[in-house]
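Student: Quick check, what structure comes out for this input:
(one chain, ligands or ions: 1)
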Amino acid sequence: MEDILLNLPNVVPLSDVAWTLGSLSLMVSYGACFAFIIYFIMTSLQLAPRYKLVAILSAVVMASAGLSLMREWSMWAAVYDFSTATGMYEPVTDGQTFSNAYRYGNWTITVPLLLIQLPLALGLARKELHSRSLRMITAGVAMIWTGLVGQFGEVNDFALLNIWGLISTAFFVWLLVEIFGVIRSGKTVTPPSLIKWPGNFFWFMLATWGLYPIAYALPQLGQTQEIVVAQQFLFTLADISTKLIYGVILSRFCLRKSALEGYPAAVAAMDETGITSHMSDDIK
Ligand code: RET
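Tutor: You can find the predicted model right below:
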């Protein structure tokens, strides 16, 4: 039976602590995603019309990822049974399995949306935005689908895991080159006071998107409960930073640009005169 189960959680018994940490990682992910739908919708109201889509796309990403992660969490809950004999959560053998593969399905939706947000926030001209987005999305989807093939090897076929992992990494490198091109072009239309932001976007994306291949490769370090939990924890860290924190950063950038462009709701939201300006002179 064991050799046909393709994801690590289906073959490793977990202590109560490990099971809870895995469950918690997934629950925190979808909880945060759903909460931030509200944040991004409300934020879009403060942005100039040309940037509103950035925040709206973040809300869509939150909804899509939240639903998928909620499903991932219920799989986690369904595939373990606590055994009083061993004192461990044992993977069930009634045909229910846990799989990370659904994540890759979800990324096929969210990654293109996250990538489009970048040239939109930077304010690239339409034609360039379309051609650059198309190239980024092609590289991104190729990266995900080749990784999807490889992740089926995480339990018993490390050759499959590594070969497809390398092919996927080649697409990741291409994607980074494309992202870099978008950033470079975006810098030419970024106001001087915000010029440091685009370069920081690149390093932020590199550091946070780079967590996914680590989570992918981790099962090679051993079939232990620590690895099972670390993999879900890394996925959570990556999910929150690449979608939620990224969205917050991009929408703050758009808010500043909207204010510089004189959009009233953004100017009011960015009012930095502080409380002292409303006080009379003698209490200042
Ligand atoms: C894989 C396979 C192994 C090699 C590499 C990978 C990269 C995955 C990345 C995923 C990013 C996902 C995001 C999802 C947001 O919803 C496919 C794990 C390089 C970078 C940003």
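
Student: Quick one: name the residues of the stretch 151-284 of the chain near the ligand.
Tutor: 165, 168-169, 172, 209, 212-213, 216, 242-243 (Cβ under 6 Å from any ligand atom). (Glycine included, C-beta is placed from N, CA and C.)

Student: Show me which of these are buried.
Tutor: For these, a burial check counting by 16 or more other Cβ atoms under 10 Å picks out 165, 168, 172, 209, 212-213, 216, 242-243.

Student: when you check the residues you listed against the helices, which ones overlap?
Tutor: 165, 168, 172, 209, 212-213, 216 (DSSP state H).

Student: so what's the residue nearest to residue 238 when sequence neighbours are not counted up against?
Tutor: Of all residues beyond its chain neighbours, the one nearest residue 238 is residue 211 (3.8 Å), with distances taken as Cβ to Cβ, 6 or more residues apart in numbering. By Cβ atoms under 8 Å, 6 or more residues apart in numbering, residue 211 lies in contact with 234-235, 237-238, 241-242.

Student: now do 10 Å
Tutor: Residues in contact with residue 211 (Cβ atoms under 10 Å, 6 or more residues apart in numbering) are 234-239, 241-242.

Student: for residue 79, same thing?
Tutor: Each residue near residue 79 by Cβ under 10 Å, 6+ apart is listed here: 5, 7, 9-10, 89-99.

Student: Next one: the residue in the chain positioned nearest to the ligand relative to residue 166, how far apart?
Tutor: As assessed by Cβ to the nearest ligand atom, the ligand sits closest to residue 147 within the chain, at 2.4 Å. Between residue 147 and residue 166 the computed distance is 10 Å (Cβ to Cβ, to the nearest Å).

Student: Out of these two, name the residue with the larger neighbour count.
Tutor: Under the criterion of other Cβ atoms under 10 Å, the comparison of residue 147 against residue 166 puts residue 147 first, with 23 against 11.

Student: Having no further points to raise, I will conclude here.
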